[in-house]
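Engineer: Predicted model follows, preceded by the sequence.
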Amino acid sequence: MSAPFRTEEFLVNMGPHHPSTHGVCRFLLTMDGEVVVKAVPYIGYLHRALERICENRTYHQCLPVLDRFEYCTSMSCEYAFCLATEKLAGIQAPERAEYLRVIMLELNRIASHLIWYGTTSLDLGAVTPFLYGFREREDILDLFEMTCGQRLTYNYIRIGGVSRDIPPEFIPKLKEFIEKFPRKVDDYEKLLTENPIWIVRNKNVGILSKELALGYGVSGPALRASGVKFDLRRDDPYSLYDRFEFDIPTGTVGDCYDRYLVRMEEMRQSLRIVKQALEQLPAGDIKTKLPPNFKPPKGEVYSRIENSRGEMGIYIQSAGDSKKPLRVKMRGGSYNQLQVMPEIVKGGKIADLVAVMASMDIIMPEVDR
Amino acid sequence: MDKAALTKYILDKFAGKVDLLDTGKVEPVFRLESDFLLEFCRAINSDETLHIDFLCNIAGVDTGERFEVVYSVASVKNRIRFDFKIAMAYENAEVESVQSVWPGANWHEREVWELYGINILNHGNLTRFLLPDNWDQGYPMRKNWDAPDFVRMPES
């Protein structure tokens, strides 16, 4: 007679250098066989004290720091900071600059979603989508490069406008991209949407309820996939977003598959906005002149924009007598998305944790700052 | 609800306990005492007209004279947004945790505790997470914090 089969819970360290943690994040998992009993995220590996660095610089010097806040959508970070500063100082950017900003923001959103599309499918074992996604992202980066010379940290959007106008070859190249991209999204969907493996790995995995999402401050595509039709571009409009027509895709279940579908549709909607912005693009100035000794008046503002990972908010407090901000606080969508993860991976398999983390589109520099 | 109506509604509802600050440039900013914080949060969360169901952000601030904790809240349902803050002296700075109203406050509050040294009452998990576990050099977001490799830029 053999002794009865004995089981016990054990601890697994997932990360910090795990390919699916998209940066450096560690999960301490309490496992019962393959089932996750408890997951505790440990962050801070990428903490660069960006907020403290910003307090030590002038408002203009802060912008390159903001680029590093969330480098997949640097344009959004710059824009969020510029918007907050402009609200604080009562500056209005010229119309052409606002149109250029919208074009860049939406192109950047598509580029960011393409990274997500590629890496997510790579995490779940599909290699082709990664190559497809990065191929089209390359076109967008080319457009950015010809505009501002940079491919990742742009430093393009400035307080009161943008750093330079688009070159003449930009518009034909962008039109070409607008022409071909909808077909490419169809191709992406053809690879995964009806793929049986993809469906088994994603459907009914990591279900995030509406109440949990709101309570934990989850925003962006993850919130919309849970069935909340909330998009800051429509519900708290900034820039010129009230001039464009676009739909807000939502999910019903709130699982990984819904988050996938929402992001795929968002790429199409972003392209619609780019197209309209390009058609309406007026001529004119691209920058408001600011005094060399730029000091916003005393005050504070929390301004938020819809980034590809959810609500990106910048809180600035100005003392009124300084060229440097008194306090800059950066709030990224990933911060709250990672916070809610232990709640939704509980009771699932360890392989589902990878799917959930991927579908939440968490990027660690945004969490750690 | 526009800014003026929202301001009037909150000032009327919490008369005598909430002050309006003139620093809010776009959305109104209110100031309240720390012993009223939790009651205020519960009230704005359950109030039908406000229905504040979304905590955007919590920011600790060291103004050079005192600490502030700034809460940015919003209503997804009613499209409302405003800020409120608690101001306190450096000595024995502490605020109540608001996790019972918005569970997402957890990490935001932990960060305020870790980087400013403002104690969060009834938090339940005040452990280091952005700084190294063995960090012993004080609270790096305080204005008087200094390190050998930290160079202060001149004002002009």
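Structural biologist: Done, it's in. Numbering: from 1, shown residues only, chains lettered A, B, ... in the order given.
Engineer: packing partners for the helix or strand hosting residue A:65?
Structural biologist: Here residue A:65 sits within helix A:59-67, counting by DSSP states H and E. With contacts taken as 3 or more CB pairs under 8 Å, 6 or more residues apart in numbering or on different chains; DSSP states H and E, helix A:59-67 sits against helix A:50-55, helix A:74-89, strand A:157-158. Using the backbone N, CA and C atoms, a C-beta is placed for each residue, glycine as well.
Engineer: mean confidence for the helix or strand that the shortest one is followed by?
Structural biologist: By that I understand strand A:157-158. Once strand A:157-158 ends, the next helix or strand along the chain (criterion: DSSP H and E) is strand A:161-162. What strand A:161-162 shows for mean pLDDT is 90.
Engineer: Show me where chain A has its helices.
Structural biologist: A:50-55, A:59-67, A:74-89, A:95-123, A:128-148, A:170-192, A:196-202, A:210-215, A:221-225, A:232-235, A:256-280, A:333-345, A:350-360, A:364-368 (DSSP state H).
Engineer: Could I get the buried residue list for the shortest one?
Structural biologist: Counting neighbours by 16 or more other CB atoms under 10 Å in any protein chain shown, one finds that the buried residues in helix A:232-235 are A:232, A:233, A:234.
Engineer: Turn these into TSV, columns for distance to residue B:7.
Structural biologist: Compiled in TSV, these are given as follows (distance: CB to CB, whole Å):
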residue	distance to residue B:7
A:232	22
A:233	26
A:234	24
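Engineer: before we move on, the earlier item: now the helices and strands packed on helix A:59-67 in a markdown table, with mean neighbour count and distance to chain B?
Structural biologist: Output for these, formatted as a markdown table (neighbours: other CB atoms under 10 Å in any protein chain shown; distance: least, CB to the nearest CB, whole Å):
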| stretch | mean neighbour count | distance to chain B |
| --- | --- | --- |
| helix A:50-55 | 20 | 6 |
| helix A:74-89 | 25 | 5 |
| strand A:157-158 | 24 | 19 |
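Engineer: Quick one: residues contacting residue A:259.
Structural biologist: Residues near residue A:259 by CB atoms under 8 Å, 6 or more residues apart in numbering or on different chains: A:221, A:222, A:225, A:251, A:359, A:360, A:361.
Engineer: quick one: low-confidence ranges for chain B?
Structural biologist: Residue ranges of chain B with pLDDT under 70: B:156.
Engineer: Up against chain A, what does it have?
Structural biologist: Where chain B comes near chain A, counting by CB under 8 Å from any CB of the partner chain, the residues are B:23-27, B:29, B:53-57, B:59, B:61-64, B:70, B:72, B:76, B:79, B:81, B:83, B:102-104, B:106-107, B:128-132, B:140-141, B:152-153, B:155-156.
Engineer: Tell me the spatial nearest neighbour of residue A:164, not counting adjacent residues.
Structural biologist: Leaving aside its chain neighbours, residue A:164 sits nearest to residue A:148 (6.7 Å; criterion: CB to CB, 6 or more residues apart in numbering or on different chains).
Engineer: One more: residue B:63?
Structural biologist: residue A:326 (6.4 Å).
Engineer: Do I have it right that that neighbour meets residue B:61?
Structural biologist: Yes - the criterion here is CB atoms under 8 Å, and residue A:326 meets it with residue B:61 at 7.2 Å.
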